[in-house]
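here is my input, please return the structure:
(chains A and B)
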Amino acid sequence: MKPARRQRLILIALMVIGVAGAVGFALKSFNDNLMYFFSTTDVVEGKAPQDNLFRLGGMVVKGSVERPNKGMMVRFKLSDYSKEVTVEYSGILPDLFREGQGIVANGKLDGRGVFVAEEVLAKHDENYMPPEVKASLKGPVEGK
Amino acid sequence: MFLIPDPIGKFFHRMASPPHFYALTEKLMPWLTVFFLLLLLPGLYGGLVLAPPDYQQGDSYRIIYIHVPSAWMSLFIYVVMATAGAIGLIWRIKLAEIVAISSAPIGASFTFIALVTGSLWGKPMWGTWWVWDARLTSELILLFLYLGVIGLYGAIDDKRTASKAVAILALVGVVNIPIIHYSVEWWNTLHQGPTVTKMDKPSIHISMLVPLLLMAGAFKLYYVIAMLQRARLELLQRERNAQWVKAMLGKRA
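Now for the predicted structure:
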């Protein structure tokens, strides 16, 4: 390789490494701002904002969904498999909202430690399979 | 030679000679088209008709057969574009510059398709057209990078200078590619994690995976076809005064 070409190769490599380093540090320092939602553990440990709107993500706990006033208001528990937070929401739930599914809710905490949601988005997982396969997977797990 | 052995270097130099490239791609084109259709038609039929509905999303998930291959292509084409740009910068190979700039509009289109189909998919499933989570935002930045490359190339009259400027912009933007790919793992996002491109076996049933891979192959071939066509045109425009173009046109007339 001719020296001029080698020099250009090294220059370009340095440029890419430099940019990657700069962006890496920037992303690292903004890490918390890049999180789309807080987990339920963050809320229980008091890391989530107390008076501001924020997003809360987690799994809808099985058997926790209830409509206390027989109206639009839904109450359910969200969990990240370690801590649980109660959520209240009045409005139309997305199609994929169901027990055991992940969701992201936007809202704020009230004084009682209940998360009052203004918006609920469903977060679907990365698994795709036909219904029959799901049924056959479910069977043995629930049977034990 | 440093890094690259001599015979390979010679092979690339021969490939990169404009008349050779022009003649070779003309011969390749029908074959590429045949392979493209051989992948596209079974892919579409398999994805839209044969593949079973999803246990959660029913038939709505079928947009995956457009969304995911387009998103893969948006990343793949960017890497090709930046690599070709770097080769153009280092070895000053005209053909590499042409491949780089010919890839940009195709990559921009695939990025746009990925964003639009993702949005259409997000509305019924997530309940929203758009959220500013890390995956969606970084993919939008990718679209702006492509548009920046196209705009910068168009803004500079001397095309060799333009190619150098564009290659540097493309190389700076390369840092975004791993960010897009790993965004769903590094941060909490509304977008779900990877299904196919992970270390485990893919978490998609085989009857749904096969059409997806066929479509991904078809999209790759479409890119090669579209990119080569653009590159041939760009080559003719740049070399319009060269001897080989005149000779070829004389022969055809």
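
touching chain B at all, stretch A:59-75?
No: contact between stretch A:59-75 and chain B is absent, the nearest approach being 13.2 Å (criterion: Cβ under 8 Å from any Cβ of the partner chain). Heads up, the C-betas are built off the backbone N, CA and C, glycines and all.

do stretch A:17-33 as well
Yes: against chain B, stretch A:17-33 shows contacts by Cβ under 8 Å from any Cβ at A:19-20, A:23, A:27, A:31.

tell me the two of those that are most distant?
A:19 and A:31 (18.8 Å; Cβ to Cβ).

the more surrounded of these two?
Counted by other Cβ atoms under 10 Å in any protein chain shown, residue A:19 and residue A:31 do not tie: residue A:19 has more neighbours, with 16 against 11.

quick check: the more buried one touching residue B:169?
No: look at residue A:19 against residue B:169 with Cβ atoms under 8 Å: they stay out of range, at 11.1 Å.

would you map the helices across the stretch 151-253 of chain B?
For the stretch 151-253 of chain B, applying DSSP state H, counting those that start in this stretch gives helices covering B:159-173, B:176-186, B:206-238, B:243-252.

now the angle from the longest one to helix B:243-252?
Direction vectors for helix B:206-238 and helix B:243-252, defined by axes from the mean of the first three to the mean of the last three Cα atoms, to 10 degrees, enclose an angle of 100 degrees.

does anything pack onto helix B:206-238? Which helices or strands?
helix B:18-45, helix B:64-91, helix B:94-125 (3 or more Cβ pairs under 8 Å, 6 or more residues apart in numbering or on different chains; DSSP states H and E).

so can I have CSV of these showing mean pLDDT and mean neighbour count?
Formatted as CSV, these follow (pLDDT from 0 to 100; neighbours: other Cβ atoms under 10 Å in any protein chain shown):
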stretch, mean pLDDT, mean neighbour count
helix B:18-45, 94, 15
helix B:64-91, 95, 22
helix B:94-125, 95, 21
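
let's have those helices in JSON lines, adding distance to chain A.
As requested, those are exported to JSON lines (distance: least, Cβ to the nearest Cβ, whole Å):
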{"stretch": "helix B:18-45", "distance to chain A": "16"}
{"stretch": "helix B:64-91", "distance to chain A": "5"}
{"stretch": "helix B:94-125", "distance to chain A": "6"}
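
so what's residue 82 up against?
Unless you meant another one, I'm taking chain A. Going by Cβ atoms under 8 Å, 6 or more residues apart in numbering or on different chains, residue A:82 touches A:40-41.

actually chain B
Counted by Cβ under 8 Å, 6+ apart, residue B:82 has contacts B:100, B:167, B:170-171, B:173-174.

out of those residues, which is most surrounded?
Using other Cβ under 10 Å as the neighbour test, those are led by residue B:170, with 29 neighbours.

let me know the pLDDT of residue A:53.
pLDDT for residue A:53: 88.

what lies in contact with the helix or strand containing residue B:137?
Assigned by DSSP states H and E, residue B:137 belongs to helix B:134-155. Under the contact criterion Cβ under 8 Å, 6+ apart, helix B:134-155 has outside partners A:34, A:36, B:71, B:74-75, B:78, B:81, B:101, B:104-105, B:107-108, B:111-112, B:114-115, B:118, B:130, B:159, B:162-163, B:165-166, B:169-170, B:173, B:176-177, B:179-180, B:183-184, B:186-187, B:189-191.

just want the most central residue of chain B.
residue B:77 (2.7 Å; Cα atoms, centre = their mean).

next, work out how far apart that residue and residue B:220 are.
As judged by Cβ to Cβ, to the nearest Å, residue B:77 and residue B:220 stand 10 Å apart.

domain parsing of chain A, as residue ranges.
Domain assignment for chain A by automatic domain parsing gives A:3-32, A:36-123.

check those domains for me and report the most buried one.
Highest mean neighbour count among the domains of chain A (mean count of other Cβ atoms under 10 Å in any protein chain shown): domain A:36-123, with a mean of 17.

next one: that domain to chain centre, how far?
With Cα atoms, centre = their mean, to the nearest Å as the basis, domain A:36-123 stands 11 Å off its chain's centre.

okay, how far is it across it, tip to tip?
Domain A:36-123 has an end-to-end distance of 12 Å (Cα to Cα, to the nearest Å).

residues contacting residue 74?
Looking at chain A here, since you left the chain open. Residue A:74 makes contacts with A:65-67, A:88-90, A:93, as judged by Cβ under 8 Å, 6+ apart.

oops, chain B please
Taking Cβ under 8 Å, 6+ apart, we find residue B:74 in contact with B:107, B:110-111, B:114, B:139, B:142.

so the closest residue to it other than its chain neighbours versus residue A:111, what's the distance?
With sequence-adjacent residues excluded and distances taken as Cβ to Cβ, 6 or more residues apart in numbering or on different chains, residue B:74 is closest to residue B:111, at 4.0 Å. The spacing between residue B:111 and residue A:111, counted by Cβ to Cβ, is 46 Å.

what segments of chain A are strands?
For chain A, applying DSSP state E gives strands covering A:38-39, A:54-60, A:73-79, A:84-90, A:102-109, A:115-123.

packing partners for the fourth one?
Strand A:84-90 is packed against helix A:40-44, strand A:54-60, strand A:73-79, strand A:102-109, strand A:115-123, with contacts defined by 3+ Cβ pairs under 8 Å, 6+ apart.

could you find the closest non-adjacent residue to residue A:115?
residue A:87 (4.7 Å).

next: residue B:162.
Counting by Cβ to Cβ, 6+ apart, residue B:162 lies nearest to residue B:156, which is 3.7 Å off, once chain neighbours are set aside.

these two touch, right, that neighbour and residue B:165?
Yes: the criterion here is Cβ under 8 Å, and residue B:156 meets it with residue B:165 at 6.1 Å.

next, count neighbours for the residue lying closest to residue B:61 once chain neighbours are set aside.
Distances taken as Cβ to Cβ, 6+ apart put residue B:54 closest to residue B:61, at 4.2 Å, once the chain neighbours are dropped. Residue B:54 sits with 22 neighbouring residues when counted by other Cβ under 10 Å.
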